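A.B. asks: Here's my sequence, what's the structure:
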Amino acid sequence: MKRSLLASLCLGAGFCGFASADAPVVLFNPLPTPLKLPPGLVETLPLNSNESFFGDALRAVDCTDANDLPYGSCGNQLFGGIVMTDSHLSGNITIQFYPPLNNISHFIVIQGVLKGSDGTLSAPLGFNMPVKSNQISDGLQLSSGDLDLTTGAASNLQWYASFSNTALLALGNVNPKLQPPVINFPGVRGHSYAIFRQRSDGLLDMYFRGSTFLPLGDNIDGDPVRFPLPYCGADGNCASVLARGTSLHPHLYLETGQSNYPPCAPNCPVFQQNHESVFNAHTAYTAFGDDFEMDIPQLYCPAGVFSTASSPCAVNGTANGRSELQGRLQIQFGAQTGNTLPFVISTIRPNGLFADPPDSPLLGHGFQPGLLGTNQVLTFPNFQYHQFKLSFADEPYNFAQGMIDLSTGRVIGEFEYPMFIDQTIIEALFDENNGRVTKDPFFLVASRPYPGQAEQYYALFEQGVNGETTFRMSSFHQRSFATYVFPNPDFVAADSFTGGPSGNLNIFTRIQASRLNGLPATITKSGTGSFVSSVGDNFTYNFSMPCNPVGQPFSFAYTNQGNGTPAPYGGLDVGRAGTFTMKSLVSVSCTNSHVSTAGPGDYDIVNFTGFGTWSNDPALSLYRFVSVSASVDPKNPYAAIIVYRYQPTANNSYATYYDLDVELSSAENKPADKPVP
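C.D. replies: So this is what the prediction gives:
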């Protein structure tokens, strides 16, 4: 008997159980004018083929440890990266709307058969397979959702599609007991998203994107999972290798509207097809955070005073939490299809930080931090929250992926990044809501503006001032916090606060990162500064770093006086004072920010890592690790510094690792406003 992919997923260690948590109420801003449904409530629209495509990003692995199965979270990845394919779609879709009730119109979508262009299934190391006969069609159940005419956003969206091509045929041939699925977006660990826009002819354009996760497990009814190799006969049967734990990550984008971005020529970014590249984050312009709008009187109102219509101290109150982030982006580019290039993006820690922290106890095996932030303080009118262990973590089961329009450098459609925020408040929030908070990622969207609106959110690649390839992203996610519990700064559950009906989370991510397209210039960059950190510490630093460091002298010293306000309730920042002196250099990256005015062969962003001594160690022979990101632009002086404890205990548990404090010391001169990537 053939076994379906969905059954394989639910029979495993329990992703299907995540449904027990509350589904988040995602919020969208109202339109200036509500949408009007098309005449007769039915429309048939042609697809914009350049911006409509489907494909897969397969993680081909062979896992032998039971802890990594059935979801394939081991590191034994085949072919040097994700195995990627995409195909542009042509055809028409029909949308049937129903009479609205309270400005909500239910709709169904008929895709029929949409034909795809020929493509290539490829990976960086020795894998290249032609993919033909691409098409998608409806499942037995039609796709549907509910359109909010006041926002243009769809909810309760369930999309069904049958994918077909020669690559899927080859996968089925080497796994004969595997039943081809009707793919459901969002499915399990996936996402579906649709936006409608008014057209001048009275119809509604639709943009849809869906992604999901389909693991094959270690066996299919007793037969070990295999992956086809690009060595096939005329009948489509291919050679294959063991691939236990391999997973599929199918995605579908449909667009009926037209984009109007200017061409990037003659300064288009440089890409290398079928290649994995590392981009260094510009920490001064890379951050995540939340503009907390909690509707909790205890946080905002004077003692004994509660919010009223005439004195809305809680409803209109916000607190701005933000941390700039250090680290790198790993971006894999696939094979060009038409005038577009697919890519998959993930975050990784600063160069040289080799030891992987243990898995998160909140999220499970395979969830580890990528970008890392310095300690921060979140301030409400009545309380301060000291934030530690700040990190940006990728969703390992639903990749951040998309397609680049090579004529503009823009990421096609509305780019979506599934991610997790980790810090002390989030951990307390999970604990104190007793399982109500879903463990699905935050899907941050770089949404496009409506006509007449300024562009605030975007995802694009561009050529930097010295020929670098630069990635810039601004994305946002808003959800209701009504009835959820927010912790007291003492993190005692009995002292928690409950969010009122107007409580919202306003989560944002800003990323800017660059990759040189050649060797760095043989110059040395120097920087020095004396600032007050985010937590109120006075700190100083000075460095001299060669951009092409082999055999060159270097220096770095950092002193933190530790005189800021200590965290209450035994926070982890005790002992952050001291002096770090670098003894061994690990890496240097010199690049240019988006606003750099550096001349040819010069740079304004310097990232470096290394080992050195910490003055408060009992024995100075024990070396510590440091990561630094600095802007040497006189108009935008900035430095973020983290000195790592870097000595987990023998059992290497997550709780013990962090209770000892990942950071011996950290500091940044935090910009007053959110960075503009």
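A.B. asks: what bridges to the residue nearest to residue 281 when sequence neighbours are not counted?
C.D. replies: The shortest distance from residue 281 to any non-neighbouring residue, by Cβ to Cβ, 6 or more residues apart in numbering, is to residue 513 (4.6 Å). For every residue, glycine as well, the C-beta is placed using N, CA and C. Beta bridges link residue 513 to residue 281, residue 471, judged by DSSP bridges.
A.B. asks: so what pLDDT did residue 513 get?
C.D. replies: Note for residue 513: predicted pLDDT of 98.
A.B. asks: Surely it and residue 286 touch.
C.D. replies: Yes - taking contacts as Cβ atoms under 8 Å, residue 513 lies within contact range of residue 286: 7.0 Å.
A.B. asks: what bits of the stretch 51-200 of the chain have low per-residue confidence?
C.D. replies: Nowhere does the stretch 51-200 of the chain drop to pLDDT under 70.
A.B. asks: all strands of it, in order?
C.D. replies: 53-58, 83-90, 92-97, 104-110, 113-116, 119-123, 127-131, 135-137, 143-148, 154-164, 183-185, 191-198 (DSSP state E, counting those that start in this stretch).
A.B. asks: Now distance to residue 270 and mean neighbour count too, for those, in CSV please.
C.D. replies: Formatted as CSV, the strands of the stretch 51-200 of the chain follow (distance: least, Cβ to Cβ, whole Å; neighbours: other Cβ atoms under 10 Å):
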stretch, distance to residue 270, mean neighbour count
strand 53-58, 23, 26
strand 83-90, 19, 24
strand 92-97, 36, 17
strand 104-110, 38, 17
strand 113-116, 28, 18
strand 119-123, 19, 25
strand 127-131, 21, 18
strand 135-137, 32, 18
strand 143-148, 38, 21
strand 154-164, 32, 19
strand 183-185, 33, 23
strand 191-198, 30, 22
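A.B. asks: Same list (those strands) but as TSV, adding distance to residue 274.
C.D. replies: As requested, these are exported to TSV (distance: least, Cβ to Cβ, whole Å):
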stretch	distance to residue 274
strand 53-58	13
strand 83-90	8
strand 92-97	31
strand 104-110	34
strand 113-116	20
strand 119-123	5
strand 127-131	7
strand 135-137	24
strand 143-148	32
strand 154-164	22
strand 183-185	25
strand 191-198	27
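A.B. asks: In contact with residue 423, which residues?
C.D. replies: 323, 373, 387, 388, 389, 390, 391 (Cβ atoms under 8 Å, 6 or more residues apart in numbering).
A.B. asks: Now it. Its backbone dihedrals?
C.D. replies: Main-chain torsions, residue 423, degrees, to the nearest 10: phi -170, psi 170.
A.B. asks: Can you give me the pLDDT of it?
C.D. replies: pLDDT, residue 423: 83.
A.B. asks: Which residue, other than its chain neighbours, is closest to residue 44?
C.D. replies: Residue 44 sits nearest to residue 94 (Cβ to Cβ, 6+ apart), 4.6 Å away.
A.B. asks: Can you tell me the centre-most residue of the chain?
C.D. replies: In the chain, the residue lying closest to the centroid (Cα atoms, centre = their mean) is residue 417, at 3.7 Å.
A.B. asks: That residue: which element?
C.D. replies: strand 415-422 (DSSP states H and E).
A.B. asks: Show me how far that strand is from its chain's centre.
C.D. replies: Distance of strand 415-422 from the chain centroid (Cα atoms, centre = their mean, to the nearest Å) equals 3 Å.
A.B. asks: Can you tell me what sits against it?
C.D. replies: Counting by Cβ under 8 Å, 6+ apart, 191, 193, 209, 211, 288, 290, 345, 360, 362-363, 367, 369, 389-395, 398-400, 402, 441-446, 459, 473, 475, 507, 509 sit against strand 415-422.
A.B. asks: CA atoms of that strand as PDB?
C.D. replies: What follows is strand 415-422 as a C-alpha-only set of coordinates in PDB (Å, rounded to 0.1, in the frame of the first residue of the first chain):
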ATOM      1  CA  PHE A 415       8.700  38.100   0.500                       C
ATOM      2  CA  GLU A 416       8.000  36.100   3.600                       C
ATOM      3  CA  TYR A 417      10.500  35.100   6.300                       C
ATOM      4  CA  PRO A 418       9.400  32.500   8.900                       C
ATOM      5  CA  MET A 419      11.400  33.100  12.100                       C
ATOM      6  CA  PHE A 420      11.500  32.900  15.800                       C
ATOM      7  CA  ILE A 421      12.600  35.500  18.400                       C
ATOM      8  CA  ASP A 422      14.300  34.100  21.500                       C
END
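A.B. asks: pLDDT weak spots in the stretch 451-600 of the chain?
C.D. replies: 567-575.
A.B. asks: just the strands in it please.
C.D. replies: Under DSSP E, counting those that start in this stretch, the stretch 451-600 of the chain gives strands at 458-463, 469-480, 485-486, 497-498, 504-515, 524-532, 538-546, 555-560, 578-591.
A.B. asks: Packing partners of the fourth one?
C.D. replies: Going back to what we said before, that points to strand 497-498. strand 485-486 (3 or more Cβ pairs under 8 Å, 6 or more residues apart in numbering; DSSP states H and E).
A.B. asks: what's the answer for the first one, then?
C.D. replies: The contact analysis (3+ Cβ pairs under 8 Å, 6+ apart) places strand 458-463 against strand 469-480.
A.B. asks: Quick check: which of the strands of the stretch 451-600 of the chain is nearest to residue 336?
C.D. replies: With respect to residue 336, and counting by Cβ to Cβ, the nearest of those is strand 458-463 at 13.8 Å.
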